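>>> Below are the sequence and a predicted model for it; my questions follow.
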Amino acid sequence: MANDRDVRIEDKLDKVAEKIGEINVTLGEQHVSLLEHMRRTSLLEDEIKPLQKQHTIINFCAKIVSLLLGSAVVVLLLKKLLG
């Protein structure tokens, strides 16, 4: 009876050890995938830095144009009302 029980316990321990081995393989694969993702992300971040600078410049120019157009409208309205 005890021998049968010991065999069942050993079988279950073997299965647990096998599952742990599978988990370790999965973790290794995920680690490689993560490293590749981090490499690609870094490359993309380097590519987007000039775009961020250009975006800031374009926004600044758009604000200047908006202010100039707004000022021109105000001047034209005042000229029309007063003149």
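Received the coordinates, thanks.
>>> going forward, measure contacts between C-alpha atoms and count neighbours the same way
Fine.
>>> What's the mean pLDDT across stretch 17-26?
Taken as a whole, stretch 17-26 carries a mean pLDDT of 95.
>>> swap that for stretch 36-53, sorry
Mean predicted lDDT for stretch 36-53 stands at 94.
>>> who's in contact with that stretch?
For stretch 36-53, there are no surrounding residues in contact (CA atoms under 8 Å, 6 or more residues apart in numbering).
>>> Please repeat the previous calculation with a cut-off of 10 Å.
30, 31, 32, 33, 34, 35, 54, 55, 57, 58 (CA atoms under 10 Å, 6 or more residues apart in numbering).
>>> Can you add distance to residue 21 and give those back as a markdown table?
Compiled in a markdown table, those are given as follows (distance: CA to CA, whole Å):
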| residue | distance to residue 21 |
| --- | --- |
| 30 | 14 |
| 31 | 15 |
| 32 | 17 |
| 33 | 19 |
| 34 | 20 |
| 35 | 21 |
| 54 | 50 |
| 55 | 50 |
| 57 | 54 |
| 58 | 55 |
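>>> Might you specify the subset of these located within helices?
Among the contacts of stretch 36-53, the members found in helices (DSSP state H) are 30, 31, 32, 33, 34, 35, 54, 55, 57, 58.
>>> Now the buried members of the contacts of stretch 36-53.
Buried by 16 or more other CA atoms under 10 Å: nothing, out of these.
>>> Please, where are all the helices along this protein?
2-82.
>>> Centre-most residue in it?
The residue lying closest to the centre of the chain (CA atoms, centre = their mean) is residue 41, at 7.6 Å.
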